[in-house]
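1. Next one to model:
(one chain, ligands or ions: 1)
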Amino acid sequence: MTFTRRQAILGAAIAQLGAAAALAPTAQAAPKPVKAKDAKPSPVSSDPDVIILGAGISGLGAASLLEEQGAKVLILEARKRVGGRIFTLLDQPGTPEMGFNSMGAGYGRGMDMARRAGVELHDVAPRYMKDPRQQFVLGGVTLTREEWAASPKNPFPAALKSMMPWEIVPVLVSKNNRLKDWADWIAPESAPLDISMHQYLSQLGLSDAAIRLAFDKAPYYGLNGHQSSALVYEFNDGWGKAQSAAGPGSFAVKGGNLLLPQGLAAKQKGDILLGKEVVAISSGPDAAVVTCRDGSTYRAKKVICSLPFSVLRNISFEPGFTGPQAKAVTSLPYQPISIAFLTVSAPYWEKDGLPPTMWTDGPLGQVLAQRYGPTPDEVTGLSVFARGELALAWDRLGKENTLAMIVSELERLRPAAKGLVKGAYYHSWGLEPFNGGDWSYFNPGQITAFAREMSTPVGRVHFCGEHTGTSNRGLESALESAERVALEILSA
Ligand SMILES: Cc1cc2nc3c(=O)[nH]c(=O)nc-3n(C[C@H](O)[C@H](O)[C@H](O)COP(=O)(O)OP(=O)(O)OC[C@H]3O[C@@H](n4cnc5c(N)ncnc54)[C@H](O)[C@@H]3O)c2cc1C
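-> The predicted structure follows:
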């Protein structure tokens, strides 16, 4: 079976199903969470055909595809829950998302998995679009767009002065994307483009001060522009445009995205063993053996490893990795991001007339109004984000201190909020032992050094996970890798 590149990018599944069928609710009750089935060694009656390490969306997606083809699959998951980076706070108002948020109209595989899981997708774009304005706070002072354009502190070139700092990088990349075909980001010919974002933005006329404000304050990849390859941004830009071309809308699971992996897990025929932290993987002449921290071992002809490289690098792996792949496993970086969820007891923004959503260059980071009530008019809480250096600073401060700092900063900048906001939850993806960051990124030069070799099978072990997708980003990248790895196993 072969896929055209267009199918690889927009999802082979959507071509088969049709977007409408994929989006249609399947009228099932929300699936029940999977319970830890076992704490004892080797409970399975006979060896499975395939052991999948990790019950995130890529592991569950690969399992669903393989079981459909008749394979006997066992999943080992370190956490006491499925979903990995899909993580919804189901007990907080509006069921806020701490991980995966939404999928574009071109997420054919994501939509197919929603259908398989029996969950309903709904368009959340109208909820995002309720907050077109955000409060801009620089050095503790609120500025309107007009005040910012005229401010002596504005470090941007004349043509960009009336743009807000967070608007600038996407616009510059969109206008100056050097990739003729964005899907070639990984091709050897693109190596000369594998430079830092700092260098790229400097070449486009931004000063160091401008780069600090437009990029380093809240980077999606890297702690600052020196650490992040510009090629990834250009790939993102091209891929994002392909998503927009597939149609409008932004889709999330009704009731919370966590219902998607839970629904897939409930449909799984084979066992999913929770609390099984894998510490060693070895390939022998007859079988692969997986060892867990509790001493249990599992054998199969094939293993699929979906673990982030930030975790895999600390696991015993025989035979070892070699060449560019070894470099990738040991050095692929993961982005620090920390998120606080605040509850709000009254709409203080109606008193002070400012938008609830905020972008600050200070310790508060970015505040995003959550609108997950029956209508988008209702604000169900505030998610506050720190990325890069600020996420590390929050983590050093600790959960309780950070929540207290966020509330006091918010009250200082918005006196009308006094007594009305409360820190309810803190989640650091950087401190999560089974992730070590929210997503992988590439330092300058790393795409050229190893991106094409990252998912090469080693012994009896095959690899999937968002970091190994090459034609998509985020959840769709994880599912693209699930499809590839299932095909590798089936054609082996
Ligand atoms: C804050 C945030 C927002 C996001 N927003 C979006 C978005 O809007 N759109 C989008 O497309 N994508 C988004 N993503 C990305 C998307 O969530 C991920 O790409 C996707 O969920 C990754 O799936 P995965 O299976 O590759 O990895 P994971 O979900 O990390 O799965 C790996 C699994 O392996 C398990 N594991 C780790 N170590 C071990 C071990 N030693 N033994 C056994 N099991 C182990 C983990 O517990 C985990 O369950 C977001 C991610 C984050 C963090």
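
2. And the strands in the stretch 351-492 of the chain?
-> 358-360, 366-370, 381-387, 421-428, 461-463 (DSSP state E, counting those that start in this stretch).

3. With distance to L160 and mean neighbour count as new columns, can those strands be given to me in TSV?
-> (Glycine included, C-beta is placed from N, CA and C.) Output for the strands of the stretch 351-492 of the chain, formatted as TSV (distance: least, Cβ to Cβ, whole Å; neighbours: other Cβ atoms under 10 Å):
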stretch	distance to L160	mean neighbour count
strand 358-360	16	22
strand 366-370	20	22
strand 381-387	22	23
strand 421-428	33	19
strand 461-463	41	24
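
4. Close to the ligand: what parts of the stretch 101-250 of the chain are there?
-> For the stretch 101-250 of the chain, the contact set with the ligand under Cβ under 6 Å from any ligand atom comprises 101-103.

5. Which one of those residues sits in the busiest neighbourhood?
-> M103 (27 neighbours; other Cβ atoms under 10 Å).

6. What segments of the stretch 351-492 of the chain are helices?
-> Using DSSP state H, counting those that start in this stretch, the helices of the stretch 351-492 of the chain run over 389-397, 399-413, 446-450, 474-490.

7. could these be laid out in CSV, adding mean pLDDT?
-> CSV is the format used below for the helices of the stretch 351-492 of the chain (pLDDT from 0 to 100):
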stretch, mean pLDDT
helix 389-397, 98
helix 399-413, 98
helix 446-450, 98
helix 474-490, 98
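
8. In the stretch 251-400 of the chain, what residue lies closest to the ligand?
-> Here the stretch 251-400 of the chain gets closest to the ligand at one residue, V278, 3.5 Å apart by Cβ to the nearest ligand atom.

9. Filter the residues of the stretch 101-250 of the chain next to the ligand down to the ones in strands?
-> If you go by DSSP state E, those have M103 in strands.

10. Closest one of the residues of the stretch 101-250 of the chain next to the ligand to S455?
-> M103 (22.1 Å; Cβ to Cβ).

11. Identify whichever of the helices of the stretch 351-492 of the chain lies nearest to the ligand.
-> helix 474-490 (2.4 Å).

12. The residue of the stretch 251-400 of the chain closest to the ligand: how many residues sit nearby?
-> 23.

13. In CSV: the residues of the stretch 101-250 of the chain next to the ligand, plus distance to R299.
-> Listed next are these as CSV, based on distance: Cβ to Cβ, whole Å:
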residue, distance to R299
N101, 38
S102, 39
M103, 36
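
14. Closest to L223 out of the residues of the stretch 101-250 of the chain next to the ligand?
-> Comparing these against L223 with Cβ to Cβ places N101 closest, at 22.3 Å.

15. how close does A183 sit to D194?
-> Computed as Cβ to Cβ, to the nearest Å, the A183 to D194 distance reads 16 Å.

16. higher neighbour count, those two?
-> D194 (20 against 17).

17. That one reaches E234, doesn't it?
-> No - checked against Cβ atoms under 8 Å, the pair D194 and E234 is beyond contact range at 10.3 Å.

18. Which residue, neighbours along the chain excluded, lies closest to W429?
-> Closest residue to W429 apart from its sequence neighbours, by Cβ to Cβ, 6 or more residues apart in numbering: D438 at 4.2 Å.

19. Next: G238.
-> Per Cβ to Cβ, 6+ apart, closest to G238 is W182, 2.2 Å.

20. need the contact list for that neighbour.
-> By Cβ atoms under 8 Å, 6 or more residues apart in numbering, the residues touching W182 are 234-235, 237-239, 241-242.

21. Which residues does the strand or helix carrying E350 contact?
-> Per DSSP states H and E, E350 falls inside helix 349-352. Applying Cβ under 8 Å, 6+ apart, the external contacts of helix 349-352 come out as 355-356, 379, 414-416.

22. Could you check how far G263 is from K301?
-> 28 Å.

23. So these two - more neighbours on which side?
-> Ranked by neighbour count (other Cβ under 10 Å), G263 and K301 place G263 first, with 24 against 15.

24. Surely the more buried one is in a strand?
-> No - applying DSSP: H, G, I helix; E, B strand; the rest coil, one finds G263 to be helix, outside a strand.

25. Please renumber the chain so that the first residue is 601 from this point on.
-> Sounds good: first residue 601 from here, last item G863.

26. What residue, apart from its backbone neighbours, is nearest it spatially?
-> Closest to G863 by Cβ to Cβ, 6+ apart is A717, at 2.9 Å.

27. Local confidence estimate at the one you found?
-> For A717, the model assigns a pLDDT of 98.

28. Redo the strands of the stretch 951-1092 of the chain as JSON lines? Include mean pLDDT and distance to C892.
-> Listed next are the strands of the stretch 951-1092 of the chain as JSON lines, based on pLDDT from 0 to 100; distance: least, Cβ to Cβ, whole Å:
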{"stretch": "strand 958-960", "mean pLDDT": "98", "distance to C892": "44"}
{"stretch": "strand 966-970", "mean pLDDT": "97", "distance to C892": "37"}
{"stretch": "strand 981-987", "mean pLDDT": "98", "distance to C892": "33"}
{"stretch": "strand 1021-1028", "mean pLDDT": "98", "distance to C892": "25"}
{"stretch": "strand 1061-1063", "mean pLDDT": "98", "distance to C892": "16"}
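
29. Would you tell me which of those strands gets closest to M711?
-> Here strand 966-970 is closest among these (Cβ to Cβ), at 23.4 Å.

30. Could you please name the strands that closest one pairs with and the direction of each pair?
-> Each strand paired with strand 966-970, and its direction, by DSSP bridges: strand 958-960 (antiparallel), strand 981-987 (antiparallel).

31. Which parts of this structure belong to which domain?
-> Listed by automatic domain parsing, the domain ranges of the chain are 605-720+854-931+1042-1090, 726-730+936-1028, 755-846.

32. Output those as CSV; include the columns distance to E747.
-> CSV is the format used below for these (distance: least, Cβ to Cβ, whole Å):
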stretch, distance to E747
domain 605-720+854-931+1042-1090, 31
domain 726-730+936-1028, 14
domain 755-846, 11
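
33. Pull the contacting residues for T891.
-> 878-881, 897, 916.

34. cool, G656 as well?
-> So G656 contacts 682-686, 861, 906, 1065, 1078 (Cβ under 8 Å, 6+ apart).

35. Could you dump these into a markdown table and include distance to S1055?
-> Below are these laid out as a markdown table (distance: Cβ to Cβ, whole Å):
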| residue | distance to S1055 |
| --- | --- |
| V682 | 22 |
| G683 | 22 |
| G684 | 17 |
| R685 | 18 |
| I686 | 21 |
| P861 | 21 |
| S906 | 11 |
| G1065 | 9 |
| A1078 | 12 |
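
36. could you pick out which of those are near the ligand?
-> Answer for the contacts of G656 near the ligand (Cβ under 6 Å from any ligand atom): 684-686, 906, 1065, 1078.

37. was I right about T1070 contacting I786?
-> Yes - contact status for T1070 versus I786: in contact at 5.4 Å, counting by Cβ under 8 Å.

38. Show me the common contact partners of the two, please.
-> The contact lists of T1070 and I786 share 1051-1052, where a contact means Cβ under 8 Å, 6+ apart.

39. Just name the closest of the contacts of G656 to A1092, please.
-> S906 (17.4 Å).

40. What count of nearby residues applies to the closest residue to that closest one other than its chain neighbours?
-> Setting aside the residues directly before and after it, S906 is nearest to G654 in space (Cβ to Cβ, 6+ apart), at 3.7 Å. Neighbour count for G654, taken as other Cβ under 10 Å: 26.

41. one step back: would you list the buried entries among the contacts of helix 949-952?
-> 955-956, 979, 1014 (16 or more other Cβ atoms under 10 Å).
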